[in-house]
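>>> sequence first, predicted coordinates after that:
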Amino acid sequence: MKIEKGYERVRAHVLVHGVVQGIFFRTNTRSKAQILDIKGWVKNTKDGGIEAVFEGDKDRVKEMVEFCRKGPSGAVITDVKVEWEPYRAEFTDFEIKH
């Protein structure tokens with residue numbers, strides 16, 4: 001974790017499983033990340049899950065992780081794995097990867 005200008009910056013690598021594809025999970029994740037000024041990406045995985053990396057203010061990244069635990073309307077979350085990693089500041093925005 002890195003501290004900049006009084007804010008603790010963190011990075012979370014998240015894997016979400018359940019009914020998460022075909023319900024706009026990625027689009028909703030990107031919209032929420034943009035509102036919270038979170039940088040990173042989200043994508044579908046070949047096994048039917050969602051993978052995401054979030055970087056930003058610690059409290060806001062935690063809010064993104066909590067969003068992933070619930071998902072958008074229509075999601076049925078069965079498992080969420082979160083790996084906290086060192087902040088890298090490698091992103092300039094939040095994107096949906098294909």
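Nice, thanks for sending it over. Numbers count the residues shown, from 1 in each chain.
>>> a strand runs through residue 10, doesn't it?
Yes - under DSSP: H, G, I helix; E, B strand; the rest coil, residue 10 falls within a strand.
>>> list the contacts of it.
1, 55-58, 61, 84, 87 (Cβ atoms under 8 Å, 6 or more residues apart in numbering). The way it works is simple: take the backbone N, C-alpha and C, and place the C-beta from them, glycine included.
>>> inside strands: which ones of these?
Among the contacts of residue 10, the ones falling in strands (DSSP state E) are 55-57, 84.
>>> of all the residues you listed, which comes closest to residue 15?
Nearest to residue 15 among the ones in strands among the contacts of residue 10: residue 84, at 13.2 Å, using Cβ to Cβ.
>>> burial count for the closest one?
Other residues near residue 84 come to 13 when the count uses other Cβ atoms under 10 Å.
>>> repeat for residue 79
Counted by other Cβ under 10 Å, the residues lying close to residue 79 total 10.
>>> how about the strands in the protein?
Under DSSP E, the chain gives strands at 2-4, 7-19, 39-44, 50-57, 76-85, 94-96.
>>> strands paired with the second one, and their directions?
Read it as strand 7-19. Partner strands for strand 7-19, per DSSP bridges, with pairing direction: strand 2-4 (antiparallel), strand 50-57 (antiparallel), strand 76-85 (antiparallel).
>>> which one of those lies nearest to residue 31?
strand 50-57 (13.1 Å).
>>> residues touching the closest one, excluding its own?
Taking Cβ under 8 Å, 6+ apart as the rule, strand 50-57 contacts 7-16, 20-21, 25-26, 29, 33, 36-45, 61, 64-65, 68, 87-91.
>>> repeat that for stretch 88-96.
By Cβ under 8 Å, 6+ apart, the residues outside stretch 88-96 that reach it are 2, 9, 11, 26-27, 30, 33-34, 38-43, 53, 55.
>>> turn the strands paired with strand 7-19 into a markdown table, including distance to residue 98 and mean pLDDT.
Output for those, formatted as a markdown table (distance: least, Cβ to Cβ, whole Å; pLDDT from 0 to 100):
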| stretch | distance to residue 98 | mean pLDDT |
| --- | --- | --- |
| strand 2-4 | 30 | 49 |
| strand 50-57 | 12 | 98 |
| strand 76-85 | 22 | 97 |
